[in-house]
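Visitor: Please work out how this folds:
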Amino acid sequence: MPNAQIRIYTQREQGEQWLQRYRGCLPVFACVLGFTETGLISGISAAGRTPEDRKYTACADAEFLYYGPEHKAQYPLPPLAAGASPVLISRAVFESLKIPVHLFNAGLPQPPAVPVIDLGGTPARCLSGGAAMEITTVHHLFEQGLLWGERLAANIQQGYLIVGECVVGGTTTALAILTGLGIEAAGKVNSSHPVCNHAQKWALVQAGLEKMMGSREQQEINFQSRIQNPKSQIQNSVDPLQLVAAVGDPMQVVVAGMAIAASRSCGVMLAGGTQMLAVYALISAIAQAYTLSWRPEAVVVGTTRWVAEDPTGATVDLALSLGKGSLTQSGRTPPLLATHLSFADSRYPQLRAYEQGFVKEGMGAGAACIAAHLSQDWQQHQLLAAIEVQLERLSTAFH
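Guide: Purely as a prediction, here's the structure:
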């Protein structure tokens, strides 16, 4: 094991090669912010105490990541039922290591109060309606993802690209995408709750997918949107971009495009758990449907141990299921890596809450820690100290 601070849960050999390749290298961080009205449903997410709070979570996280705790935020970090935003973790690492950060707005209800690259997307409607976004928007966002993936990678000589996300309610849209791609994901996804609300998520996903199939039958959708795949169990199976339009969110297709393009010339770490496993499955399906070249061996998924070992989800099992979907037939399973960061000994109850299953991941937190281990060989005590300093500065900033 090259680093006791990083654990490899799947595809060990490929994961170890990837870590060896990028040891000592600094990454570039891209964070894609998006929104789905699914996140406003009562009880769906713990990333913001009320639905109103959750409208601003991505803006608040982006502002904190960019400016840090001393900045008087236009969108302050929303109160959580328990715990502290994972953006504290990401900020602690990126500030200490001076990692460049690029923020992308894939579709938020309001523009964030930070320098951000606007991709011209829109927030998604609730996935239960089976019509989350216009297909033209999805195509546009995918093209933007390809374009920016190529642009970012062009400036990376030795390092790798970390692509993170912030989408409240995103594990539910992830479940919808995975299920729509023929992957058995029910009961395996994570959530920001200590005990995952699987039944609530599954009911929404079933409603959305049923509506999607219903509208396809009514319209006898034109031939272009169906893929003739002789190996597929589902003949004329749905176009993966059509699936995103029906039940996805704007972040997913941007990150898929970025990763496809960037993987051609540098390493890529998809930063997150369930949501990035769904993006990985989407990448496989899109690359297959549209015959796009990408380098799967360059792509890993990086998260926190709270996600990888979440007792109320089945993240490792989910990662292993990705090669079994009817639309992801290349049979690819990504290496799933996680930082072994622990908050058990933190003097702050907001951080110790992570050990009780609150929060878990977001804003590239797990990948940030992996980057600190890889480039500077940071150990547990260094990470914890840097994160606690952020929390301290935040609590004293305006008092």
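
Visitor: What is the subsequent helix or strand relative to the helix or strand bottoming out on mean pLDDT in the chain?
Guide: Comparing every helix and strand of the chain by mean pLDDT, DSSP states H and E singles out strand 226-227 as the least confident one, with a mean of 46. Per DSSP states H and E, the first helix or strand lying C-terminal to strand 226-227 is strand 237-238.

Visitor: What is the subsequent helix or strand relative to that next one?
Guide: Helices and strands here follow DSSP H and E; after strand 237-238, the next one along the chain is helix 240-247.

Visitor: Under a three-state scheme, what state does G164 occupy?
Guide: Per DSSP: H, G, I helix; E, B strand; the rest coil, the secondary structure class of G164 is strand.

Visitor: Tell me which residues touch K188, please.
Guide: Under the criterion of CB atoms under 8 Å, 6 or more residues apart in numbering, the contact partners of K188 comprise T274, G313, A314, T315, D317, L318, S321. All C-beta atoms are positioned from the backbone trio N, CA, C, and that covers glycine.

Visitor: now do 7 Å
Guide: G313, A314, D317, L318 (CB atoms under 7 Å, 6 or more residues apart in numbering).

Visitor: Wait, a strand at it?
Guide: No - under three-state DSSP, K188 falls outside any strand and is assigned coil.

Visitor: shift numbering so it begins at 15
Guide: With the count now opening at 15, the last piece we talked about shows up as K202.

Visitor: give me the low-pLDDT residue ranges for the stretch 115-264 of the chain?
Guide: Regions of the stretch 115-264 of the chain meeting the criterion pLDDT under 70 cover residues 232-250.

Visitor: where along it do the helices fall?
Guide: Counting by DSSP state H, counting those that start in this stretch, residue ranges of the helices within the stretch 115-264 of the chain are 149-168, 184-194, 212-233, 254-261, 264-277.

Visitor: hang on, the earlier thing: which one (most neighbours) among the contacts of K202?
Guide: Comparing those on neighbour count, L332 comes out first with 26 neighbours (neighbours: other CB atoms under 10 Å).

Visitor: ok but it is inside a strand, no?
Guide: No - counting by three-state DSSP, L332 is located in no strand; its state is helix.

Visitor: from what I can see it touches L291, true?
Guide: Yes - under the contact definition of CB atoms under 7 Å, L332 touches L291, with a separation of 5.6 Å.

Visitor: before we move on, what SS does G316 have?
Guide: Here G316 takes the strand state, with states given by three-state DSSP.

Visitor: who's in contact with I300?
Guide: P254, L255, A270, L306.

Visitor: my bad, should have said P310
Guide: Neighbouring residues of P310 by CB under 7 Å, 6+ apart: R346.

Visitor: Got the confidence number for it?
Guide: Reported pLDDT at P310 in the predicted model: 96.
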